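Enquirer: Quick one: sequence and predicted model below, then my questions.
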Amino acid sequence: NPAGNDISNDEERPIEEIAGTFASEKQLQVTEEEEREQLLEEEHQSLIHRVLDGYYGVLHKFRWFVLVMAIGATIACSIFAAQLSLPLSSEVSLLPESNEYQKHWTWSQNLLSATLAKEQGSEAVILWGLKPADTGDQLNPDSWTTLVLDDEFNPKSEKSQTYLLDFCDRLSATFGKANEDYDCPIVLFDRWLKNQSAVETPTKQYTQHCEGASSVPVPSKNFDPCIISWSKLNNNTSILQTDNEVKIMEVRTKSNVLYDSPQKELKVEWNTYEDWMENERSIAPSGVNQMYHSDLAYWWFDTNQQMMKTAYGAAGIALVCAAVVVFVSSRSFVLTFFAAIAIAYVLVAATACLVGLGWELGFLESILFAILIGISCDFVIHVGHAYTMYTGVVNRHHRSHFALTHMGPSILAAAFTTFSAAVVMIFTEITFFRKFAVILFMTILHSIIGCFVVFLVLCECFGPSEPTKGYDTIKGKLCGGEKTNENASEVEVSQKGSNVQTD
């Protein structure tokens with residue numbers, strides 16, 4: 001019953017009527033197939049179809065050699081693509097070197113004052129009493145965090161005070177002072193106590209709150225009121241209090257990097273501080289052992305690290321989404337696997353070309369990668385869907401030939417228009433658009449190769465003659481009953497394939 005009609009009452013119908021119905025449906029199917037074949041023959045009279053026919057002949061003849069070359073090219077590109085590194089400098093240049101503004105900026109960076117400023121480094125901050133938390137909206141750059149207090153911070157004990165005083169000496173000896181005139185607040189507080197205890201007329205703050213303490217450590221009950229009164233007297237903002245209790249303590253120290261230092265130097269400096277701080281936390285008494293360090297220079301370092309993760313994440317998302325779309329459109333596990341291989345080739349080949357051009361994965365490049373990775377999926381999806389348009393058992397070579405000649409002109413036209421748009425951006429002044437054009441060129445170029453060479457040669461060598469067989473079998477078992485073909489009413493053998501058996 002190819003038409004799916006109800007034949008439960010066929011015994012009550014005249015045999016001539018049933019035979020006439022089947023004959024009419026059979027004639028209608030043949031007529032539709034003839035129209036399809038006629039349409040294909042008319043299409044193949046155009047120049048682009050004749051060119052694609054010739055290309056397919058060469059690909060079919062040397063398919064095993066092309067397969068080996070494609071595998072070798074993919075492996076080689078993967079090796080080169082792995083060499084894509086973070087930039088030596090975190091500077092973001094939006095204008096070409098020939099631009100007058102860029103020339104002025106380059107000149108200013110070579111001045112003696114700028115060189116000396118870079119050699120001095122920047123300031124890092126050691127914090128007690130706060131947790132390194134981010135309570136703001138991470139998807140909104142204008143949303144800042146609120147302070148999250150560390151309730152375990154308690155510097156009152158004499159043991160904690162002694163540790164803080166010694167900590168400053170070790171910190172200065174290891175990393176240096178933030179500047180020549182800087183001293184830790186606990187050191188200044190200790191110096192003030194020694195001075196006040198030696199003078200004949202000490203200040204009111206000392207006499208009322210310190211009870212004659214001559215140095216650090218002071219009695220635990222007097223620590224908070226004494227150091228708070230000192231900080232207010234000297235306008236020292238490194239000691240912050242709430243309800244007459246010290247809640248936050250800040251110590252500044254020297255950092256040997258700037259925000260635009262090379263990524264490698266930033267990473268080394270960060271790890272050096274982290275290792276040192278981890279050792280200090282292990283020997284610090286309870287109450288002052290949860291400190292951490294921070295530096296504005298690491299903001300840009302962290303941004304670049306996250307952008308690199310975003311670029312790799314975008315590549316993974318592109319592969320997964322493309323695989324889902326190919327599977328939904330083709331209902332073939334094999335074609336989905338082939339498409340993933342072709343898209344992976346596009347990604348590694350385009351990246352390898354950028355490495356060859358001397359590119360690094362900087363801030364602008366990461367954004368461009370995240371935007372353009374999706375383009376690598378487009379062409380393969382269309383060809384994979386065209387491969388399955390013949391129903392039933394059809395030779396893989398006829399399927400590949402049909403997919404190429406049916407979708408090839410549209411793909412080439414799309415590639416041409418995209419190339420044309422990239423040409424316009426090549427002549428822009430802003431670096432971002434120029435780099436966008438280069439990535440666009442590389443992605444489209446390798447998308448064509450990945451589609452017309454990698455994907456098609458896989459189909460030519462290993463493509464299924466029944467692409468949806470596995471899907472239909474699983475669907476039939478899950479849904480119950482025997483496996484059915486949604487298009488059983490169509491002719492199973494197509495143009496030039498009526499007498500060709502599965503290869």
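Expert: All right, it came through fine. Note that the coordinates shown come from a computational prediction; the quantities given were computed from them, not determined experimentally.
Enquirer: residues contacting Gln83?
Expert: Neighbour list for Gln83: Val355 [criterion: Cβ atoms under 8 Å, 6 or more residues apart in numbering]. In this view, the C-beta of every residue, glycine as well, is placed from N, C-alpha and C.
Enquirer: The longest strand anywhere in the chain packs against which elements?
Expert: When every strand of the chain is counted residue by residue (DSSP state E), the longest turns out to be strand 245-255. For strand 245-255, the elements it packs on are strand 122-128, helix 158-175, helix 185-198, helix 220-233, strand 239-242, judged by 3 or more Cβ pairs under 8 Å, 6 or more residues apart in numbering; DSSP states H and E.
Enquirer: Nearest to Ala386, out of those?
Expert: Distances from Ala386 to each of the helices and strands packed on strand 245-255 were compared using Cβ to Cβ; the shortest belongs to strand 122-128, at 58.2 Å.
Enquirer: quick one: that closest one to helix 158-175, angle?
Expert: Angle of strand 122-128 versus helix 158-175, following axes from the mean of the first three to the mean of the last three Cα atoms, to 10 degrees, is 160 degrees.
Enquirer: Run through the neighbouring helices and strands of strand 122-128.
Expert: Secondary structure elements in contact with strand 122-128, counted by 3+ Cβ pairs under 8 Å, 6+ apart, are strand 245-255, strand 292-294.
Enquirer: The closest residue to Glu123 other than its chain neighbours: how many residues sit nearby?
Expert: Leaving out its chain neighbours, the residue that sits closest to Glu123 by Cβ to Cβ, 6 or more residues apart in numbering is Ala178, at 4.8 Å. One way to gauge burial is a neighbour count; for Ala178, by other Cβ atoms under 10 Å, it gives 20.
Enquirer: Tell me how far Ala178 lies from Leu130.
Expert: Between Ala178 and Leu130 the computed distance is 19 Å (Cβ to Cβ, to the nearest Å).
Enquirer: phi, psi of Thr391?
Expert: For Thr391, the backbone dihedrals (degrees, to the nearest 10) come out as phi -100, psi 160.
Enquirer: That one and Ala437, how far apart?
Expert: Distance of Thr391 to Ala437, given as Cβ to Cβ: 42 Å.
Enquirer: just Thr418 next, same as before
Expert: Using Cβ to Cβ, which is the criterion applied here, Thr418 is 10 Å from Ala437.
Enquirer: Just give me the neighbour total for Lys309.
Expert: Lys309: 11 surrounding residues under other Cβ under 10 Å.
Enquirer: swap in Leu139?
Expert: The local packing count at Leu139 equals 6, with neighbours defined by other Cβ under 10 Å.
Enquirer: tell me which element it falls in.
Expert: Leu139 belongs to no helix or strand when elements are defined using DSSP states H and E.
Enquirer: Now do the strands for the stretch 301-450 of the chain: every range, in order, please.
Expert: With DSSP state E, counting those that start in this stretch as the criterion, the stretch 301-450 of the chain has no strands.
Enquirer: So, low pLDDT: which residues of it?
Expert: 370-373 (pLDDT under 70).
Enquirer: One more pass at 80, please.
Expert: 301, 303-308, 310-312, 314-316, 318-319, 322, 329, 361-377, 390-392 (pLDDT under 80).
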